[in-house]
Every structure is written in structure tokens, then in C-alpha cells.
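[1] Have a look; sequence and predicted model below, questions after that.
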Amino acid sequence: MLYFDSNSTNATFYVNCNSNSGDLVDFNFTREGKSTPDYTENVELVDGGYYQSVSFDLSSFNTALTDGATYDVFAYSGGLLVYKDKLYYNSTRDVDNSSIEDYVENTTNNDYIILD
């Protein structure tokens, strides 16, 4: 699941599309329970080694999406579905690198729980 903090200054996501870097891909963000996309943008996939990145127009992105809503994300290239995910859009919580780095070890099974 993708998470987007609307206080962010960058609308870039790191994804693994079944498409090639450099391809133009249509991304659709549809609020759960709706049938028509709330936001659509044609973006270029940028190679990142083992992943690709996509960047969206930040002002349009923030205007189109609703705070606290979950969106189905679909990406199409040449009419074929090349990526599918979910996005949680939030304006009340600031996520930065320092909050992602905190974790606690569960001593019974050696799993880690990320605290934010």
C-alpha cells in the first residue's frame, strides 16, 4: 500500500510496473466505492535500478484527493494493466525519514514492528 502525506513537497512514488522505464503510463486513482477515477495522469516511468519512480503534479494531486480516503491505484500502458495498488491519502500526519527508522524487536519470533 502506498501512503501519501499531503504536507509533502514531492508527489513521487516508487513502484514496480510491468512496463519499461521511459514508457508513458496512465495512472488512475479511484476512491474506494466509486467507479470513476478522482485523479488521472499520464506519467513517464523513471528507472531506479530495481524499481521505477513516477512523479505527479503536486497541486493537482492534493486538490483531487480527499483527506482520510483510500484509493485504488491502477496503471495502464497500451491498454494493459501494468500496476495495481492502494493509496491512503492523509493530511493530518507528517511522515518523514526519522519516523520510519524507529522499530522494536519482538523477542519471541524476531519480527520487527515499525513505530511511527
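    Right, received. Where do you want to start? If you're wondering where the values come from, they're calculated on a predicted model, not measured in any experiment. Residues are numbered from 1 along each chain as shown.
[2] doesn't Val15 make contact with Arg85?
    Actually, residue 85 is Asp. It isn't Arg. Yes: at 7.3 Å, Asp85 counts as touching Val15 under the criterion of Cβ atoms under 8 Å. For the C-beta atoms, the positions are set from N, CA and C on the backbone; glycine is no exception.
[3] quick one, what contacts Asn42?
    Leu24, Val25, Asp26, Phe27 (Cβ atoms under 8 Å, 6 or more residues apart in numbering).
[4] Out of those, flag the one nearest to Val73.
    Phe27 (6.7 Å; Cβ to Cβ).
[5] for this structure, longest strand please?
    strand 80-90 (DSSP state E).
[6] Can you give me the buried ones in that one?
    Across strand 80-90, burial judged by 16 or more other Cβ atoms under 10 Å covers Val82, Tyr83, Leu87, Tyr89, Asn90.
[7] could you redo the residues you listed as JSON lines and give each row distance to Asp38?
    Below are the buried residues of strand 80-90 laid out as JSON lines (distance: Cβ to Cβ, whole Å):
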{"residue": "Val82", "distance to Asp38": "20"}
{"residue": "Tyr83", "distance to Asp38": "17"}
{"residue": "Leu87", "distance to Asp38": "11"}
{"residue": "Tyr89", "distance to Asp38": "10"}
{"residue": "Asn90", "distance to Asp38": "15"}
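[8] And those, which is closest to Gly48?
    Tyr83 (14.3 Å).
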